[in-house]
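Novice: Provided below for reference: sequence and predicted model.
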Amino acid sequence: MATTVEELLKQLQSKGSPENIKGMNRFGMATDQRFGVPVPDMRKIAKRVGTDHALAVGLWKTGMQEARIVASVIDVPEEVTEDQMEAWVVEAYWRRFGAPTLSVFDRRLRLFAEFVEQLIIPFQVAVAAEQAQHI
């Protein structure tokens, strides 16, 4: 299993193809800083890696689009900061590559939704019940 940014970049590069880059270009995707790796291969690599916030940040900093897609999948939602989210969204937007980046944010938002559902709503219900007793 690859554990460093350099090892992952080598894996991604080995899975890329010029034909895929040509196809991406036809769909208006930015093709510089790409290896041409199919999405299923990126998913397999991400699955082997598991979750790793530091590695995700390192992969993102490379600027390689496939590395950024893998980064968005392996990042740890609880460790993603607002500054990181904002920076990634801005950079992804300008690279015409936003959808995969949303993966980690979606997971973080689901965690927030669970927090609201499991803690905030029961708290509000308890407060309302307490107030109702005093009416």
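Specialist: Done, it's in. Note that the coordinates shown come from a computational prediction; the quantities given were computed from them, not determined experimentally.
Novice: Is Gly58 in contact with Thr3, as I believe?
Specialist: No. Look at Gly58 against Thr3 with Cβ atoms under 8 Å: they stay out of range, at 10.8 Å. Using the backbone N, CA and C atoms, a C-beta is placed for each residue, glycine as well.
Novice: Where does pLDDT dip in the protein?
Specialist: Scanning the chain for pLDDT under 70 picks out the ranges 1-2, 92-135.
Novice: what about 80?
Specialist: Low-confidence segments of the chain, defined by pLDDT under 80: 1-2, 24-25, 27-31, 86, 89-135.
Novice: Do a quick rundown of the helices in it.
Specialist: 5-15, 18-26, 39-49, 53-61, 65-74, 82-94, 98-115, 121-133 (DSSP state H).
Novice: Next, the nearest residue to Asn20 once chain neighbours are set aside: phi, psi?
Specialist: Distance criterion Cβ to Cβ, 6 or more residues apart in numbering; nearest residue to Asn20, sequence neighbours excluded, is Gly36 at 3.4 Å. Main-chain dihedrals, Gly36, degrees, to the nearest 10: phi 80, psi 40.
Novice: quick one on the thing from earlier: so if I had to pick from Gly58 and Thr3, which one is more boxed in?
Specialist: Neighbour tally, Gly58 and Thr3, criterion other Cβ atoms under 10 Å: the higher count belongs to Gly58, 17 against 10.
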